[in-house]
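K.L.:
Following is a predicted model, sequence given first.
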Amino acid sequence: SSSSSNNSYYSSAAKPMTAMAILGEARGTVDEFLRSRFLQQDDVAEPLQLAITSLFTYAGDAKEPTNDPTRMKRDAVLAATPSADLTKLPEVSAPVLLRTFLHLTGTRNNDAVVEMFQLYGNEDGTWLSIPNLLSYVQDRCTTDVRQVAEALLALGFDLHCDRLRPFSMAATDRALAHDWNVDKDTLLVQHVNGVARAAHIAVQRLQPEEYYLTQAELTGLGGLLQGVDVGTLRARLALLAGLNEMVLELLPLADLRPGYLPHSLAHVLAEARGLIFYDTKIAWLNRTLDETAQRSDTNGPDINLDPLATVGTLGAASAASAAAGAAAGAAPTASVGSGTGTGTGVVAAAAAQAQAQASALAGPGQASSGAGLGGGVENAQTAAAVPAVIRSDLSQFLQAAQQMESVNPVLVRVKIASGGDPTFPVNIRFSGETVQGLSGSFRDFLNRMAKELQSGAVGLPLLMECPSAGLGVNKGRFVLRPGPIEYPVVKMLEFLGMLLGISLRADVPLPLDLLPCVWKGLVGQPAEDSDLQAADKLTYDRLVQLRGVTTPAEFDALLQSDESLHIQRSLDGRELTQKLPPLRWDTVQDYIAALRAARLQELQPAVHLSAIRRGLSAVVPLHVLSILSWKDLELRACGLPDIDLQFLKAHTMYQVGLSDTDPHVVYFWRALESFSKDELRMFIKFACNQERIPTSCPCQSGGKSHVPPYPMKIAPPDGAGQPDQRYIRVETCLFMVKLPQYSTQELMKERLLYAIHCREDPLSG
């Protein structure tokens, strides 16, 4: 209701300092932002000058008896009562001024206000002029800029120095108008999620009056919100915030399993997932994961990986013979055995299937080069998509999958990782490497799994780079490899689902670069034309061409100019299992519909997605995904590929007497600021064995704890020695960088670059 929006959620008195959190909890970050707003070339910025001047223009009973708008009486201000309700005052009056001055001085003592008048006012300290007050504000911006911001909020301004007004009934009516639809709400929620993420705060701490958009920014969001005034958006945001508070209370009482029933509460919540803030969903997800945890100690299952051992040598040999039989028409048999180092079980069977698939696609007597697949770019795409052989002797993914087959999933269900020594779903041990603690090796394990899945070097038959990559679109992005699969590959897909669940429970990103169609399939959302365009631009463009034909003559001319319109191959180069209608003028619409349906089905292969969801359900209650969008699941499971340096700064602590003002620490941050995105990822990998780090933290919602691996720790090096002769060392489990006191900026950057490019694995610290 509009009244509740006015009186509770909108009121700055309810949450007086949420605006101060707009750039995070770290004082240095916020202070830097505020000074950039309030000061300009060692003077008070013009917007703040106008706000301060309004004190005098509308000061009412606090002005001089001569009604001089440039001066203010001390006694009139001090005689006021500072506890007045600011939301009901029609103008700036003495109570507001006193409260503002108390905020400026950072005290609740009137003596501080008297002292301010004495130092900055006239000779006897009885009145204050505009220049006097601006001088005081300028000095306060230098010493404690937050007090200036707090005074600004108390006066009724936002951090842009724009005057705040309670929601008018007209704005509320516009926000509740019949032409406001779910699509507008969804777009608004997506943008607010992005604003909060960029500002490093929880959405719940973003007050509607802090939400600021220009018409140019609204235009950039698309046509749906174009022309909507900011007041209406803020009123709508207040309504959505109230809805989210109620949804968070409702979710523990809701049975989210029967989402397939159209009239169930689960179905309603799934349909309304676009109206729920990301932080609301993640708060519910984390709570559910904690409540369903069934192991609280560190005695979890061990996964022992040997990066150097030769695994599956005999299996690779038997794979070659099985592949030859498959090419001759004999179906290879697959079985799941004990998974020992001789290459039996999943490793050998998967190797056999991958080799058989490659040979069958190539045809008798020819290499798997993609010849005969349709011509042009499609040949190169499909040829690159087919693995020539699975290198089971190099695959740590298969080593881990074999060991997890005998593990009871109950042992993997732990609470969200937290604290300095968190409990992870599995304990990772690398043969031949001495590691203290489990955090660094666990994080490195997830990185290795993602790298193998997306690398052609090992040849796992689960993912393939999307065909659009051959045209330079979405390079490095992957989709599920379509087509019929056998039992060993099903087991590998189930293990992939378990990895996603392990990542969710550990809150450690699994750096997979999958296209949206995969995530949509996991949360039950169908693929769309935009997914086809992203994954297979060539086919999408051909469909667009065919749809644009209006006459038989145009159709015949198009076919003669482009013979590749006759598509008969799947995304990975196989013959299409669905028989397409003939491509003639009288059947062109049927051909378009059938080809589109075939491609969308390949982008979301049901058997593959079902296997991944089974593995995921062994670790995470599957029904919690019903309220997540595909973007939510991708962000929570995989994080963001780019490192937010400001967020990292805000979650860094300095040890053994160090501070952020020490010269070598300043050099350190300047060096990181000069790094490219790839170099920043390499630094994070060097420092904590993760290429991606979480983009949110409980401290954003007012909590005291940090999500691992935060906080990053800067410490001095061990022992004594000449600083410029030393190198940077890290303790990955603790996310600790031991930083020598280098004498120059250039040397700091040189040693950092050396460290992140060093070939030695930093796992042991």
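P.N.:
All right, it came through fine.

K.L.:
and the closest residue to Q525 other than its chain neighbours, how far is that from S54?
P.N.:
Excluding the flanking residues, the one nearest Q525 by CB to CB, 6 or more residues apart in numbering is W630, at 5.8 Å. C-beta: built from backbone N, CA, C; applies to glycine. To S54, W630 is 47 Å away according to CB to CB, to the nearest Å.

K.L.:
quick one, which of the two is more surrounded?
P.N.:
W630 (22 against 17; other CB atoms under 10 Å).

K.L.:
got a list of what that one touches?
P.N.:
516, 519-520, 522-523, 525 (CB atoms under 8 Å, 6 or more residues apart in numbering).

K.L.:
what does R74 give?
P.N.:
Here R74 is in contact with 113-114, 117, 121, 125-128 (criterion: CB under 8 Å, 6+ apart).

K.L.:
what pLDDT does it get?
P.N.:
On pLDDT, R74 comes in at 73.

K.L.:
From here on, call the first residue 36.
P.N.:
All right, first residue 36 from here; so that's R109.

K.L.:
so where's the stretch 586-735 of the chain shaky on pLDDT?
P.N.:
Counting by pLDDT under 70, the stretch 586-735 of the chain shows low-confidence ranges at 733-735.

K.L.:
Can you give the contact residues for stretch 777-785?
P.N.:
699, 702-703, 705-706, 709, 758-759, 786.

K.L.:
Pull out the buried residues from the residues you listed.
P.N.:
Neighbour-count burial (16 or more other CB atoms under 10 Å) applied to the contacts of stretch 777-785 gives 699, 702-703, 706, 786.

K.L.:
and stretch 708-719, which residues are buried?
P.N.:
710, 714-719.

K.L.:
Using JSON lines, lay out those residues together with distance to D193 and secondary structure.
P.N.:
Shown next, in JSON lines, are the buried residues of stretch 708-719 (distance: CB to CB, whole Å; DSSP: H, G, I helix; E, B strand; the rest coil):
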{"residue": "F710", "distance to D193": "34", "secondary structure": "coil"}
{"residue": "E714", "distance to D193": "37", "secondary structure": "helix"}
{"residue": "L715", "distance to D193": "32", "secondary structure": "helix"}
{"residue": "R716", "distance to D193": "36", "secondary structure": "helix"}
{"residue": "M717", "distance to D193": "39", "secondary structure": "helix"}
{"residue": "F718", "distance to D193": "36", "secondary structure": "helix"}
{"residue": "I719", "distance to D193": "34", "secondary structure": "helix"}
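
K.L.:
now, among the residues you listed, which is nearest to Q261?
P.N.:
L715 (35.4 Å; CB to CB).

K.L.:
residues contacting the closest one?
P.N.:
L715 sits in contact with 677-678, 680, 707, where contact means CB under 8 Å, 6+ apart.

K.L.:
Mind doing that once more with 7 Å?
P.N.:
678, 680, 707 (CB atoms under 7 Å, 6 or more residues apart in numbering).

K.L.:
host element of the last one?
P.N.:
Of the helices and strands defined by DSSP states H and E, L707 is found in helix 698-708.

K.L.:
what helices or strands is that helix leaning on?
P.N.:
Applying 3 or more CB pairs under 7 Å, 6 or more residues apart in numbering; DSSP states H and E, we find helix 698-708 packed against helix 680-685, helix 780-792.

K.L.:
residues touching L545, list them.
P.N.:
481, 485, 534-535, 538, 672-673 are the contacts of L545 under CB under 7 Å, 6+ apart.

K.L.:
and which of the buried residues of stretch 708-719 is nearest H226?
P.N.:
L715 (25.7 Å).

K.L.:
of all the buried ones among the contacts of stretch 777-785, which comes closest to D456?
P.N.:
F703 (26.0 Å).

K.L.:
is it true that the closest one touches L774?
P.N.:
Yes - if you go by CB atoms under 7 Å, F703 and L774 touch, sitting 6.0 Å apart.

K.L.:
The nearest residue to G467 once chain neighbours are set aside: which element?
P.N.:
In space, and not counting its chain neighbours, G467 is closest to L343: 6.7 Å by CB to CB, 6+ apart. Applying DSSP H and E as the criterion places L343 outside every helix and strand.

K.L.:
cool, G335 as well?
P.N.:
Using DSSP H and E, no helix or strand contains G335.

K.L.:
Quick one: residues contacting it.
P.N.:
By CB under 7 Å, 6+ apart, the neighbours of G335 are 446, 459-462.

K.L.:
Of those residues - the most surrounded one?
P.N.:
P460 (26 neighbours).

K.L.:
Three-state assignment for it, please.
P.N.:
coil (DSSP: H, G, I helix; E, B strand; the rest coil).

K.L.:
And the strands in the stretch 136-285 of the chain, which stretches?
P.N.:
162-164 (DSSP state E, counting those that start in this stretch).

K.L.:
and V655, how many neighbours does it have?
P.N.:
Other residues lying near V655 total 25 when counted by other CB under 10 Å.

K.L.:
my guess is it contacts G536, does it?
P.N.:
Yes - with contact defined as CB under 7 Å, V655 counts as touching G536 (4.3 Å).

K.L.:
if you go through the stretch 136-285 of the chain in chain order, where are the helices?
P.N.:
145-155, 165-178, 180-190, 204-210, 217-234, 250-255, 265-285 (DSSP state H, counting those that start in this stretch).

K.L.:
so which of these comes closest to M747?
P.N.:
helix 217-234 (19.2 Å).

K.L.:
And the helix or strand harbouring T323, what's buried?
P.N.:
If you go by DSSP H and E, T323 is part of helix 313-326. For helix 313-326, burial by neighbour count (16+ other CB under 10 Å) applies to 313-321, 323-324.

K.L.:
same thing with stretch 529-546?
P.N.:
For stretch 529-546, using 16+ other CB under 10 Å, the buried residues are 529-546.

K.L.:
ok so, going back, for E500, state which of the buried residues of helix 313-326 is nearest.
P.N.:
Relative to E500, and with distances defined as CB to CB, the nearest of these is Y313, at 28.5 Å.

K.L.:
In stretch 502-520, which of the residues would be classed as buried?
P.N.:
Counting neighbours by 16+ other CB under 10 Å, stretch 502-520 gives 502-506, 508-509, 512-518, 520 as buried.

K.L.:
Out of those, which comes closest to L296?
P.N.:
L515 (28.1 Å).

K.L.:
State the distance from the spatially closest residue to that closest one that is not a sequence neighbour to L531.
P.N.:
Spatially, and ignoring its direct neighbours in sequence, L515 is nearest to H643 (4.8 Å; CB to CB, 6+ apart). For H643, the distance to L531 equals 9 Å [CB to CB].
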